[in-house]
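> Below are the sequence and a predicted model; questions follow.
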Amino acid sequence: MNQHNFQQIRVNLPGLGCWLTLIGVVWLLGAVGLGWLVKSLAVLVVLLLAAPVLGFVGLRFWLRRNLVQGACPVCSTGLTGIKGAETRCLNCGTPLHTEADGFSRVSEAGTIDVAAVDITVESKPVLPDGD
């Protein structure tokens, strides 16, 4: 007796069955007339992949337009803030308002800001009152 042993060819590609199943499901949905569902899922996947990139680009654009760097008007410490927000100086604790061109002090109504000037006076010898 001559027995013919058939040798089977095995292809071991991990994940190939998953891809073939996915392609088969997509083909079946397209054949049945549910292509709109496949297209909707494809658009959803593209949006999910594009959303972080668009968010990052948008955040960088917004920060470039709204981030203000300047010095504290009281102690001249370098500060960074968001335009239109109120903050405190990290060095002296002065409440500050962030404007487009820098920082300004926040003061209550009726407060008058003055600039003090230090004037040194040379002492003159005092003459005795003799006349």
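Now that the structure is in, tell me what you want to look at. Numbering: from 1, shown residues only.
> which residues sit in contact with residue 86?
Residue 86 makes contacts with 95-98, 106, as judged by CB atoms under 8 Å, 6 or more residues apart in numbering. Bear in mind the C-beta positions are built from the backbone N, C-alpha and C, glycine included.
> what about 10 Å?
By CB atoms under 10 Å, 6 or more residues apart in numbering, the contact set of residue 86 is 95-98, 103, 106.
> same check, this time on residue 111
Counting by CB under 10 Å, 6+ apart, residue 111 makes contact with residue 105.
> ok so it is a strand residue?
No: counting by DSSP: H, G, I helix; E, B strand; the rest coil, residue 111 is not found in a strand; it is coil.
> Could you report the neighbour count for residue 103?
Residue 103: 24 surrounding residues under other CB atoms under 10 Å.
> Start at 35, not 1
Fine by me, first position is 35 from now on; the one you just mentioned is residue 137.
> and it, which of the three is it?
Residue 137 is classified as strand under three-state DSSP.
> Excluding sequence neighbours, find me the nearest residue to it.
Spatial nearest neighbour of residue 137, chain neighbours left out: residue 130 (4.5 Å); criterion: CB to CB, 6 or more residues apart in numbering.
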